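Q: Got a predicted structure plus its sequence, pasted below:
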Amino acid sequence: MNVWEVLSRLFGKPFQLLKNKPYLILLLCFGSGIAVFTCFSTLLEQILCVKGYTNDFAGLCGALFIVFGIIGAGVVGVYVDKTKKFTEVTKIGLGFSTLSCITFSVVSLMPHQKVAVAAVCSLFGFFGFSIYAVAMELSVECSYPVGEATSAGLIFVSGQVQSVVYIILLQALTKQLTESPLATCGDAVLSWKVPMMVMAGLSSVFTCCFLIFFHTRYRRLEAEEQAAYRTGGNNATTTSYQAVEI
C-alpha cells in the first residue's frame with residue numbers, strides 16, 4: 001500500500017481531489033478569476049477617483065457590474081441546462097472576462113471616459129458572473145464522486161484566499177502621486193497604473209492556462225446515464241419475463 005492509498009483511506013474521497021488534474025487546474029485558474037472579480041469590486045472606487053470620477057459614478061459602475069452579471073447568469077444558465085456544455089461555456093466566459101479586465105485596466109486610466117468605463121464594467125459583470133455557477137457545476141462534474149459541497153466549496157475557498165493575496169499585492173504596488181488635479185480621492189492619491197497592468201497580466205496567464213490545459217469528462221452525467229440505462233434494462237427484462245408468464 002503506497003502513501004496515496006493510506007491518505008485516501010484516512011481522509012476519504014476529498015483527498016482524491018489532490019490527484020485530479022482537471023480539478024486542480026479549475027481550482028487554481030477559476031479561483032484566480034474569483035480573486036480578480038473581488039479585487040475589481042473592492043478597489044473600484046479607489047481606482048476611478050484618481051482620474052476624476054466621482055463616488056456616485058463608481059457606485060453606478062458597481063451596480064452595472066452586478067445587474068448585468070445577474071442577466072448574464074440567467075441567460076447562460078438556461079443555455080447550459082439545455083446543452084450541458086459546461087467546459088465550452090466556462091472557457092468562453094473566462095476568456096471574455098479577461099478581455100474585459102484588460103480593457104478596464106486601460107480605460108480606467110483615462111479621464112472623461114464615463115461611457116467607456118461603464119460599458120466595460122457591464123461587460124465584465126456579464127461574462128464574469130455568468131460563469132460562476134457554471135464553473136461550480138463543472139467542478140462537480142470533474143470531481144465526481146466526491147461530494148458537491150466539498151468540490152465547490154474548495155474552489156470558493158481558493159478564490160477567497162487568492163483575493164486576499166491579490167488585494168495586498170495590488171495595494172503594495174501603488175505609488176503616491178504628488179500632483180493629480182482631477183482626483184476626487186481626498187488627500188491620499190495613489191497611482192493604480194502598475195497594479196492594473198499586473199491584475200490584467202495575472203488574469204491573462206491563468207485564463208490561458210485554463211484554456212490550454214483544462215480537459216475533463218463529465219463524470220456525474222456519465223454515472224447518471226449509466227444508472228438510467230441499467231434501470232431501463234432491468235425494467236425491460238421484467239416486462240419480458242411477465243409477458244412470458246402470461
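A: On my side now, so go ahead.
Q: going forward, measure contacts between C-alpha atoms and count neighbours the same way
A: Will do.
Q: in this protein, which spans are helices?
A: Here the chain has its helices, by DSSP state H, at 3-11, 21-49, 55-83, 86-107, 114-130, 132-143, 148-172, 193-213, 219-245.
Q: nearest to Cys185, of those?
A: Using Cα to Cα as the measure, helix 21-49 is the one of the helices of the chain that comes nearest Cys185, at 5.3 Å.
Q: Next, the buried residues of that closest one.
A: Residues of helix 21-49 classed as buried by neighbour count (16 or more other Cα atoms under 10 Å): 21-41, 44-49.
Q: go on, stretch 100-114?
A: Of the residues in stretch 100-114, 100-105, 107-111, 114 count as buried by neighbour count, 16+ other Cα under 10 Å.
Q: how about the residues you listed in JSON lines, adding distance to Met196?
A: Shown next, in JSON lines, are these (distance: Cα to Cα, whole Å):
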{"residue": "Ser100", "distance to Met196": "12"}
{"residue": "Cys101", "distance to Met196": "9"}
{"residue": "Ile102", "distance to Met196": "8"}
{"residue": "Thr103", "distance to Met196": "10"}
{"residue": "Phe104", "distance to Met196": "8"}
{"residue": "Ser105", "distance to Met196": "5"}
{"residue": "Val107", "distance to Met196": "10"}
{"residue": "Ser108", "distance to Met196": "9"}
{"residue": "Leu109", "distance to Met196": "9"}
{"residue": "Met110", "distance to Met196": "13"}
{"residue": "Pro111", "distance to Met196": "15"}
{"residue": "Lys114", "distance to Met196": "18"}
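Q: pLDDT score for Leu138?
A: We have a pLDDT of 91 for Leu138.
Q: Next: Gly52.
A: Gly52 is given a pLDDT of 83.
Q: Quick check: it touching Pro111?
A: Yes: between Gly52 and Pro111 a contact is recorded at 6.6 Å, counting by Cα atoms under 8 Å.
Q: For the chain, which helix or strand comes out least confident on mean pLDDT?
A: helix 3-11 (a mean of 46; mean pLDDT, DSSP states H and E).
Q: Could you give me the buried positions within stretch 142-152?
A: By neighbour count with 16+ other Cα under 10 Å, stretch 142-152 contains the buried residues 142-144, 146, 150-152.
Q: so which two of those residues are the farthest from each other?
A: Across the buried residues of stretch 142-152, the longest distance by Cα to Cα is 12.5 Å; it joins Cys142 and Thr150.
Q: Make a markdown table out of the buried residues of stretch 142-152 and add distance to Val198 and pLDDT.
A: As requested, those are exported to a markdown table (distance: Cα to Cα, whole Å; pLDDT from 0 to 100):
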| residue | distance to Val198 | pLDDT |
| --- | --- | --- |
| Cys142 | 30 | 89 |
| Ser143 | 31 | 87 |
| Tyr144 | 35 | 85 |
| Val146 | 35 | 83 |
| Thr150 | 31 | 84 |
| Ser151 | 29 | 86 |
| Ala152 | 27 | 86 |
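Q: re earlier: now render the helices of the chain as JSON lines, adding distance to Thr178.
A: As requested, the helices of the chain are arranged in JSON lines below (distance: least, Cα to Cα, whole Å):
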{"stretch": "helix 3-11", "distance to Thr178": "55"}
{"stretch": "helix 21-49", "distance to Thr178": "15"}
{"stretch": "helix 55-83", "distance to Thr178": "21"}
{"stretch": "helix 86-107", "distance to Thr178": "22"}
{"stretch": "helix 114-130", "distance to Thr178": "24"}
{"stretch": "helix 132-143", "distance to Thr178": "40"}
{"stretch": "helix 148-172", "distance to Thr178": "17"}
{"stretch": "helix 193-213", "distance to Thr178": "15"}
{"stretch": "helix 219-245", "distance to Thr178": "57"}
